[in-house]
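Asker: Any chance you could fold what I've pasted below:
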Amino acid sequence: MASIVDTQNIRKSIGRFRVLIIGRANAGKTTILQKVCNTTDKPEIYNSKGDKVRSRGNHDIRNEMVFKSKPGFGFFDSCGFEAGSEEEFEDMKKFLAERVNATKLEERIHAIW
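Answerer: This next block holds a predicted model:
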């Protein structure tokens, strides 16, 4: 029983469970997340300061996607990797290094899919 209480306390302390989703561009990453979150709605997008961003137009891996149907989860989109494009890959590596080394548990990536 103690481990259940500890898990619940940890979950409360981190706010959202954060997941980085990695895949090719236009592979359907957002569609998969919609299925997982049982919704057809578009996610709300928040920048690294927590401010709501109007659209996904200019993609930034640091922007967090949150579906209203599952507000306890935050998703980060790798933007997709194209053959020969090192810039997106390097940006993802930098983002991941920042999140892995974050001192606060709520700022870390908790899973990669």
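
Asker: from here on, contacts and neighbour counts on C-alpha atoms
Answerer: Fine.

Asker: for the protein, which helix is longest?
Answerer: Assignment by DSSP state H gives helix 86-100 as the longest helix of the chain.

Asker: Check which helices and strands the next helix or strand after that one is in contact with.
Answerer: Sequence-wise, the next helix or strand downstream of helix 86-100 (DSSP states H and E) is strand 111-112. Judged by 3 or more C-alpha pairs under 8 Å, 6 or more residues apart in numbering; DSSP states H and E, strand 111-112 is in contact with strand 17-21.

Asker: Can you give the strand pairings for the strand it packs on, parallel or anti for each?
Answerer: Strand 17-21 has its sheet partners listed here by DSSP bridges as strand 73-77 (parallel), strand 111-112 (parallel).

Asker: Return the most buried member of those strands.
Answerer: strand 73-77 (a mean of 22; mean count of other C-alpha atoms under 10 Å).

Asker: Show me the contact partners of that one.
Answerer: By C-alpha atoms under 8 Å, 6 or more residues apart in numbering, the surrounding residues in contact with strand 73-77 are 16-22, 29, 61-67.

Asker: quick revisit: please spell out which residues along the longest helix of the chain are buried.
Answerer: Glu88, Phe89, Asp91, Met92, Phe95, Leu96, Arg99 (16 or more other C-alpha atoms under 10 Å).

Asker: Same list, those residues, but as JSON lines with pLDDT and distance to Thr40 please.
Answerer: Converted to JSON lines, the buried residues of helix 86-100 look like this (pLDDT from 0 to 100; distance: C-alpha to C-alpha, whole Å):
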{"residue": "Glu88", "pLDDT": "80", "distance to Thr40": "27"}
{"residue": "Phe89", "pLDDT": "82", "distance to Thr40": "29"}
{"residue": "Asp91", "pLDDT": "86", "distance to Thr40": "29"}
{"residue": "Met92", "pLDDT": "86", "distance to Thr40": "27"}
{"residue": "Phe95", "pLDDT": "89", "distance to Thr40": "28"}
{"residue": "Leu96", "pLDDT": "90", "distance to Thr40": "28"}
{"residue": "Arg99", "pLDDT": "90", "distance to Thr40": "29"}
